[in-house]
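> this one's sequence-less:
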């Protein structure tokens, strides 16, 4: 199982990345952030589980890009802190 965490350098993304790496093979968890050099349209199709931890302002556009290139059998989780 390969997991992509978008926004892995933010507070929640960092926490979640560490927890998943502790519970799964470290090579199964991959994170990207706004300063990543890998284009999201090339990364997303490689992952079955995609978790968005990006900021609320970036998320609407980001989720649109993810859905456009994700595999139909992917699980996409959009975490937003609504508080």
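Cool, the structure landed. Since the model is a prediction, treat every value here as computed from it, not as a measurement.

> check which helices and strands the helix or strand hosting residue 50 sits against.
Assigning secondary structure by DSSP states H and E places residue 50 in strand 49-52. For strand 49-52, the elements it packs on are strand 3-6, helix 59-69, strand 75-78, judged by 3 or more CB pairs under 8 Å, 6 or more residues apart in numbering; DSSP states H and E. The C-beta positions use only the backbone N, C-alpha and C, and glycine is treated the same way.

> ok, longest helix in the chain?
In the chain, assigned by DSSP state H, the helix with the most residues is helix 11-23.

> which is the succeeding secondary structure element to it?
Per DSSP H and E, the first helix or strand lying C-terminal to helix 11-23 is strand 29-32.

> beta partners of the closest residue to residue 21 other than its chain neighbours?
Excluding the flanking residues, the one nearest residue 21 by CB to CB, 6 or more residues apart in numbering is residue 29, at 5.0 Å. Applying DSSP bridges to residue 29 gives these bridge partners: residue 3.
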